[in-house]
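1. give me a 3D structure for the following:
(chains A and B)
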2 protein chains.
Amino acid sequence: MSPDYIHGYSDREHARLVDQATTLSDLLHAGTRYPAGSRVLEAGCGVGAQTVTLARNSPEARFTCVDVSPDSLAAARERARAASLSNVSFEVADLFALPFPEESFDHVFVCFVLEHLRRPGEALAALRTRLRPGGTLTVIEGDHGSTFFHPDDPDARRAVDCLVTLQARAGGNALIGRQLKPLLDGAGLRDVAVSPRLVYVDSSRPEWVEGFTLNTFTAMVEGVRRPALAAGLVDEATWERGVARLRRAAGADGVFCYTFFKGVGIR
Amino acid sequence: MSPDYIHGYSDREHARLVDQATTLSDLLHAGTRYPAGSRVLEAGCGVGAQTVTLARNSPEARFTCVDVSPDSLAAARERARAASLSNVSFEVADLFALPFPEESFDHVFVCFVLEHLRRPGEALAALRTRLRPGGTLTVIEGDHGSTFFHPDDPDARRAVDCLVTLQARAGGNALIGRQLKPLLDGAGLRDVAVSPRLVYVDSSRPEWVEGFTLNTFTAMVEGVRRPALAAGLVDEATWERGVARLRRAAGADGVFCYTFFKGVGIR
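-> As a prediction, the model looks like this:
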């Protein structure tokens, strides 16, 4: 984060925080804390899935959360209200046409947004200009190509690949996590540091089996059943088998691995 | 390690150690320290690649290092001599017919061995019997299926797959890292805890680009060129292109990821 902020900088502190993670939010937000009084832009906040964690972890920072969708913002506002957040304001805005002057923010935070954009590098370059010199830009993304599991299975891998293909056809990139370093470098950020956040799930972590392997990842794959079949990416029998085999990774002798990436660069 | 040993137990300490890793050995051996006077069996020490680190990290433990190959053991002995190790002895022995009575050791350490065995579960079960009750069994393995990189490339992935296929045909398993939890559970160990150790390499870590991406992983892939072509797993042009693309991951905008796994169980 900013050079004048003591926590959340060092790799050691980061590792300690990651290791204590009991939820996915803990894992992703480990190391992201903003100092009192700092102005933080959350770009592409969507329905506010990250906003509550973000604002709670840095209660004395002031967050401006923007999204291009008024409907999503309404949901985010409601979520913030329910969480009694007092350090957050919302605004409809396009990443590529932000209604803020240059150098308006001390820090920028972007989570699960770049994966949906046709021009993620340009988005980062635009966000960079809203930072004061010395301010940080933090990006978090997943990478579906980092997925592997036991028992391994070609149909299960094929089901995951459908997700990657569909996202690419929609102009996005489900393999963007691994690319954060070159993207941030290319957008003119300096001192870019990327840390992988591997989610490892076996039967010794039943809450992660349920919460991540089944209800997050497998549910996301199952969510593209219709478009995957409609696009002819896979036949129905293969799809059903693949999803069933993916669920096997949540069994007593199953293992599931997925890696998120967090990159931080400085203007 | 043993319940009476203070360092190297907690996840937090482990994370701290992993994070400070400056070499692959640091990363793999983080958290593995044995108390003074403990008797440790290194099973399948080969040419002693891990032995020096192991013995130096626990200078007051006594290591018995066995391997089935007298030639490998000769090299291991020479390496231990060159490192002036005084707490290590070597012995030719087969994992499945160990010349030690039951409960001879306080701890057992096995690194990069199971991947080559047809019956890894049986090997673990045999090793377990050599442990005193309460002693630990530590296993480290890689997993070639955890490999991903930027720029992604199908031919590069195919070259990596050749390694996996050839190892399977030789009776081994290059995807064994992800399986440590069920393997250790199945061999009767209790309180099995597996920790992934992801190697993330980008241009901010030039020593890892050189030492890991190129000289460890890519070199290993290149090492199976002849058998991969001879087995008809890939044609020569695809192979050359794949290896070249793998090398691209070591470029200025490249990224390379690989995950090792360490499992510890208790008898």
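
2. drop to CA atoms for contacts and neighbour counts, all remaining ones
-> Fine.

3. quick one, what contacts the one residue in the stretch 51-200 of chain A that gets nearest to chain B?
-> The nearest approach of the stretch 51-200 of chain A to chain B comes at residue A:182, 5.1 Å away (CA to the nearest CA). The contact partners of residue A:182, by CA atoms under 8 Å, 6 or more residues apart in numbering or on different chains, come to B:253-254.

4. how about the helices in the stretch 51-200 of chain A?
-> Ranges of helices in the stretch 51-200 of chain A, per DSSP state H, counting those that start in this stretch, are A:51-57, A:70-82, A:120-129, A:154-169, A:180-186.

5. circling back: tell me the pLDDT of the residue of the stretch 51-200 of chain A closest to chain B.
-> On pLDDT, residue A:182 comes in at 98.

6. buried residues in stretch A:116-133, which are they?
-> Going by neighbour count (16 or more other CA atoms under 10 Å in any protein chain shown), the buried part of stretch A:116-133 is A:116-117, A:120-132.

7. what about it, start to end distance?
-> With CA to CA, to the nearest Å as the measure, stretch A:116-133 spans 27 Å from end to end.

8. and stretch A:244-260, by the same measure?
-> End-to-end span of stretch A:244-260 (CA to CA): 24 Å.

9. now stretch A:47-61
-> One end of stretch A:47-61 sits 20 Å from the other (CA to CA).

10. lowest mean pLDDT among the helices and strands of chain A, which one is it?
-> The helix or strand of chain A with the poorest confidence is helix A:11-19; it has a mean of 51 (mean pLDDT, DSSP states H and E).

11. on that earlier part again, what's the closest of the buried residues of stretch A:116-133 to residue B:102?
-> residue A:116 (58.1 Å; CA to CA).

12. check contacts around the closest residue in space to that closest one that isn't next to it in sequence.
-> The shortest distance from residue A:116 to any non-neighbouring residue, by CA to CA, 6 or more residues apart in numbering or on different chains, is to residue A:172 (4.2 Å). Residue A:172 makes contacts with A:114-118, as judged by CA under 8 Å, 6+ apart.

13. tell me which residues of stretch A:97-116 are tucked away?
-> Within stretch A:97-116, the residues that count as buried by 16+ other CA under 10 Å are A:103, A:105-116.

14. can you add pLDDT and give the residues you listed back as TSV?
-> Listed next are the buried residues of stretch A:97-116 as TSV, based on pLDDT from 0 to 100:
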residue	pLDDT
A:103	97
A:105	98
A:106	98
A:107	98
A:108	98
A:109	98
A:110	98
A:111	98
A:112	97
A:113	97
A:114	97
A:115	96
A:116	95
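
15. which of those fall in strands?
-> Counting by DSSP state E, those place A:105-111 in strands.

16. hmm, who's touching stretch A:142-149?
-> Residues from elsewhere that reach stretch A:142-149, judged by CA under 8 Å, 6+ apart: A:112, A:160, A:164, A:174-178, A:246, A:249, A:254-261, B:145-148, B:178.

17. now with 7 Å?
-> Identification of contacts with stretch A:142-149 by CA atoms under 7 Å, 6 or more residues apart in numbering or on different chains yields A:164, A:174-178, A:249, A:255-261, B:146, B:148, B:178.

18. weed out the non-buried ones from those residues.
-> By neighbour count, with 16+ other CA under 10 Å, these hold A:164, A:174-178, A:249, A:255-261, B:146, B:148, B:178 as buried.

19. picking up where we left off before, for the contacts of residue A:172, which one is nearest residue A:228?
-> So of those, ranked by how close each gets to residue A:228 (CA to CA), first place is residue A:116, at 17.5 Å.

20. ok, that closest one touching residue A:174?
-> No: between residue A:116 and residue A:174 no contact is recorded; they are 8.1 Å apart, counting by CA atoms under 7 Å.

21. next one: stretch A:118-132, is it in contact with chain B?
-> No: judged by CA under 7 Å from any CA of the partner chain, stretch A:118-132 stays clear of chain B, getting no closer than 13.4 Å.

22. burial measure for residue A:223, as a count.
-> Neighbours of residue A:223 under the rule other CA atoms under 10 Å in any protein chain shown: 12.

23. right, and residue A:180 touches residue A:264 too?
-> No: counting by CA under 7 Å, residue A:180 stays clear of residue A:264, with 9.0 Å between them.

24. and these two? which has more neighbours close in?
-> Neighbours per residue (other CA under 10 Å) separate residue A:180 from residue A:264, with residue A:180 holding more: 27 against 23.

25. residue contacts, that one?
-> By CA under 7 Å, 6+ apart, the neighbours of residue A:180 are residue A:263.

26. returning to that earlier point: for the helices of the stretch 51-200 of chain A, which one ends up most surrounded?
-> Across the helices of the stretch 51-200 of chain A, the average number of neighbours (mean count of other CA atoms under 10 Å in any protein chain shown) peaks for helix A:180-186, which reaches a mean of 22.

27. chain center to it, what's the gap?
-> Put simply, helix A:180-186 sits 16 Å off its chain's centre (CA atoms, centre = their mean, to the nearest Å).

28. where does chain A have low pLDDT?
-> For chain A, applying pLDDT under 70 flags the ranges A:1-21.

29. that one: strands as residue ranges?
-> A:39-43, A:62-67, A:88-92, A:105-111, A:131-141, A:148-150, A:190-202, A:255-266.

30. name the residues of the stretch 101-250 of chain A found near chain B, please.
-> A:146, A:148-150, A:178-179, A:182, A:196, A:200.

31. spatially nearest residue to residue A:187 (excluding sequence neighbours)?
-> Leaving aside its chain neighbours, residue A:187 sits nearest to residue A:125 (4.6 Å; criterion: CA to CA, 6+ apart).

32. residue A:204 too?
-> Using CA to CA, 6+ apart and skipping residues adjacent in sequence, the residue nearest residue A:204 is residue B:193, 7.7 Å away.

33. what is the neighbour count of the one you found?
-> The number of residues packed near residue B:193 is 18, by other CA under 10 Å.

34. now do the same end-to-end measure for stretch A:90-101.
-> 17 Å.

35. sorry, back to before: right, and the helices of the stretch 51-200 of chain A - which one's nearest residue B:236?
-> Nearest of those (CA to CA): helix A:154-169, 25.1 Å.

36. quick one: that closest one to chain centroid distance?
-> 19 Å.

37. which residues sit against it?
-> A:144, A:173-174, A:221, A:224, A:228, A:233, A:238-239, A:241-243, A:245-246.

38. and those, which is closest to chain B?
-> Of all the contacts of helix A:154-169, residue A:144 has the smallest distance to chain B: 10.5 Å, by CA to the nearest CA.

39. sweet, I'm off.
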